[in-house]
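Trainee: With the input below, show me the fold.
(one chain, ligands or ions: 1)
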Amino acid sequence: MGMAGGRRTARWAIALLGCVALTVAACGGGSAPALGPDPLAGAQPQQRLSLAARDVAFDQRELAGTAGEVIEIAIVNRGTLPHDFTIDELLGEIGNTGRERPDDHAVHVTLQRNKERLLLLRVSAPGRYPFYCSVPGHRKSGMEGMLVIQ
Ligand SMILES: [Cu+2]
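Mentor: This next block holds a predicted model:
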């Protein structure tokens, strides 16, 4: 019993340490999940688009791009409220700036007041991809648009 019990205790201790390590990793650096390498790290944008958020609207209803090309979208928050740029479904590569909530949205970029974020995308297929602000009430108030990929 002595030896077996000791081994069992050791295994428990290792399991517990593992959980603590996972918890720390999940919480490391604030709320950002561990994403792994950025799929578009170092990619040179072939198209540059820009979008501004205000209270409560985006300054453009449509963003146009080309499938297969690296698109950089500079998104700035010119409002006083926090906003975000969200796309629910998108096939392609999404830079880590856009992968803040990969379990809930294909693209999610938090936009703090007066801050600009650079989002890199390479969309695989032509299509119309709705974007919107996911802050409660903002989409209903018109804070949405269409990313049109040809
Ligand atoms: Cu908003």
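
Trainee: For stretch 40-50, buried residues please.
Mentor: 40, 45, 49 (16 or more other Cβ atoms under 10 Å). (Glycine included, C-beta is placed from N, CA and C.)

Trainee: Show me these that map onto strands.
Mentor: Members of the buried residues of stretch 40-50 lying in strands (criterion: DSSP state E): residue 49.

Trainee: ok, so of the buried residues of stretch 40-50, who is nearest the ion?
Mentor: Minimum separation from the ion among the buried residues of stretch 40-50 (Cβ to the ion) is found for residue 49, which lies at 18.6 Å.

Trainee: Return the residues in contact with the closest one.
Mentor: Residue 49 sits next to 63-65, 71-74 when contact means Cβ atoms under 8 Å, 6 or more residues apart in numbering.

Trainee: from these, which is closest to residue 126?
Mentor: Of all the contacts of residue 49, residue 126 sits closest to residue 65, with 9.7 Å by Cβ to Cβ.

Trainee: how about the helices in the chain?
Mentor: 2-27 (DSSP state H).

Trainee: near the ion too, which of the buried residues of stretch 40-50?
Mentor: Among the buried residues of stretch 40-50, no residue lies close to the ion (Cβ under 5 Å from the ion).

Trainee: just for the protein, where's the confidence low?
Mentor: 1-33 (pLDDT under 70).

Trainee: Quick check: residues of it near the ion?
Mentor: Close to the ion, as judged by Cβ under 5 Å from the ion, the chain has residues 83, 133, 135, 138, 143.

Trainee: out of those residues, which are inside strands?
Mentor: residue 83.

Trainee: Residue ranges of each domain in the protein, please.
Mentor: Structurally, the chain divides into domains by automatic domain parsing as follows: 1-29, 47-149.

Trainee: Deepest-packed of these, please.
Mentor: domain 47-149 (a mean of 17; mean count of other Cβ atoms under 10 Å).

Trainee: Off-centre distance for that domain?
Mentor: Here the centre of domain 47-149 is set off from its chain's centre by 9 Å, with Cα atoms, centre = their mean, to the nearest Å.

Trainee: ends of that domain, how far apart?
Mentor: End-to-end distance of domain 47-149 (Cα to Cα, to the nearest Å): 12 Å.

Trainee: Identify the residues contacting residue 97.
Mentor: With Cβ under 8 Å, 6+ apart, residue 97 has these contacts: 109, 117-120.

Trainee: how close does it get to residue 141?
Mentor: Distance of residue 97 to residue 141, given as Cβ to Cβ, to the nearest Å: 25 Å.
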